[in-house]
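Q: output the structure for:
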Amino acid sequence: MPYIAIKAYPKDEDIKKKVADRINKVFLEEWGCKQEAISVSFEEIKPEVWDDEIRNGEIESKKDKMFILDGQKKYESKGMYEYEFWKLIDESIKKTDGSQQEQHDYLVKKLLDCPDIIEVFDDIRRELGGRFYEEPLCRKLWESYGGGSDDGFGDFIQGIIAQGKESYYEAIEHPSHAGAEEFESFAYISDDAYEYAAKNQEMFHDGMEEIYNIRDEVEMTFIPASVKRFARGAFGGRRRNLLVTFGGTKQQFEEIEGKEWLLIVNSNPYIYCSNGRIEQHGFQIYEPNMCAMQYYDRDAETAEIPDGVKMLAYELFESCKLKSVIIPASVVNIGRSTFSCCEALTDIQFKGTIEQWESIKKEKFWNESIPTKTVKCSDGEAEIE
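A: Residues are numbered from 1 along each chain as shown. Have a look, this model is predicted:
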């Protein structure tokens, strides 16, 4: 002993001899062994098979035995390596649908699952971004960015990192051809994880079966798989954007009694479960007063509100991309800012008569900043005041 086996891309014999001599010297001086105890071997691995044979075949299965991995010293590491960072980024891309907000939320959730890596995640992100500020790389990347503010350039770099390892290193090699959308919030993922963990997260202990109340200021919650019921009004009575993680499966969540008390107030369409996420679509209706509380398809261009709905909740469609909407004759109340800032909405159809439309109670700002000035009713067009 010891036996040192080196597996690497092909190198010439002179380099191999120099490396072997230096390894031999270190073991003689530091390990305290005799010369006849030392064995050193080299095995050449072709680059095209490295990932399959070495990375996945050997390194992954021996991570707990590594002292240096991907250039990082494990004995100095705080819990994450660069390759694990990229693995997490790639996972976030696959698990989301191209939405920056979804990717941001997914990464925040993953960091909260393992708080020890929050700080080192940010350290790696900073280090990766910092490489683009070195010349001549910075100048060439700036040309690709097309000019603008320094802050915008920084957000552009964050967008490159958020696209994953392959895109990142392609930008390193060919900065003049790099492309990405500015992604400001990517730089604040660790900060947001810290903030949520410290102030806005509600954790419920395993074993509890019913949730009675979640504080109004909470923006993130973990619900254990043992929960079987949500009490009436457990999540409050006003719309909120709550990031929910459930410890059980999707089927177990669907079986929770009173889950509507969460769904009617939560504008976040995703519930993250142990075997994937549940995604809400269309409308969430509160049946006691037939009020449309949520509309999840924010990017849809058309929407038809279900027959029987009597009330449209405040800000129900606010800032949606709707171009056309159909409103049933059953509606008697349109809430405050219901269609506010739907700047593409040019077609509102009402299934009832002009008289019925005019009798609907419409709260302030219900139609603020929408382009259409008429509503198509069953017997003609009504002017929007």
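Q: show me where the stretch 151-300 of the chain has strands.
A: Ranges of strands in the stretch 151-300 of the chain, per DSSP state E, counting those that start in this stretch, are 201-203, 210-211, 220-223, 229-230, 243-246, 270-273, 276-279, 283-286, 291-295.
Q: for residue 61, find the nearest of those.
A: With Cβ to Cβ as the measure, strand 276-279 is the member of those nearest residue 61 (26.4 Å). In this view, the C-beta of every residue, glycine as well, is placed from N, C-alpha and C.
Q: mind exporting the C-alpha coordinates of that closest one to PDB?
A: These are the backbone C-alpha positions of strand 276-279, laid out as PDB (Å, rounded to 0.1, in the frame of the first residue of the first chain):
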ATOM      1  CA  GLY A 276     -44.900  15.000  -8.800                       C
ATOM      2  CA  ARG A 277     -47.000  18.100  -8.900                       C
ATOM      3  CA  ILE A 278     -50.700  18.700  -9.200                       C
ATOM      4  CA  GLU A 279     -51.500  21.500 -11.700                       C
END
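Q: in that strand, which of the residues would be classed as buried?
A: Residues of strand 276-279 classed as buried under the neighbour-count rule (16 or more other Cβ atoms under 10 Å) are 277-278.
Q: now for that strand, which elements pack on it?
A: helix 250-254, strand 270-273 (3 or more Cβ pairs under 8 Å, 6 or more residues apart in numbering; DSSP states H and E).
Q: list the helices and strands the shortest one packs on?
A: Counting contacts by 3+ Cβ pairs under 8 Å, 6+ apart, the secondary-structure elements packed against strand 270-273 are helix 100-113, strand 243-246, helix 250-254, strand 276-279.
Q: most tightly packed of the ones you listed?
A: Comparing the helices and strands packed on strand 270-273 on average neighbours per residue, with mean count of other Cβ atoms under 10 Å, the densest one is strand 243-246 at a mean of 21.
Q: quick one: strands adjacent to it?
A: Neighbouring strands of strand 243-246 in its sheet, by DSSP bridges, are strand 220-223 (parallel), strand 270-273 (parallel).
Q: contact partners of it?
A: 105, 108-109, 196, 219-223, 225, 227, 252-253, 262, 266, 268, 270-274 (Cβ atoms under 8 Å, 6 or more residues apart in numbering).
Q: swap the cut-off to 10 Å and go again
A: With Cβ atoms under 10 Å, 6 or more residues apart in numbering as the contact definition, strand 243-246 has outside contacts at 105-106, 108-109, 112-113, 196, 200-202, 214, 218-225, 227, 235, 252-253, 256, 259, 262, 266, 268, 270-274, 277-278.
Q: wait, what's in contact with residue 51?
A: Applying Cβ under 10 Å, 6+ apart, one finds that residue 51 lies in contact with 57, 59.
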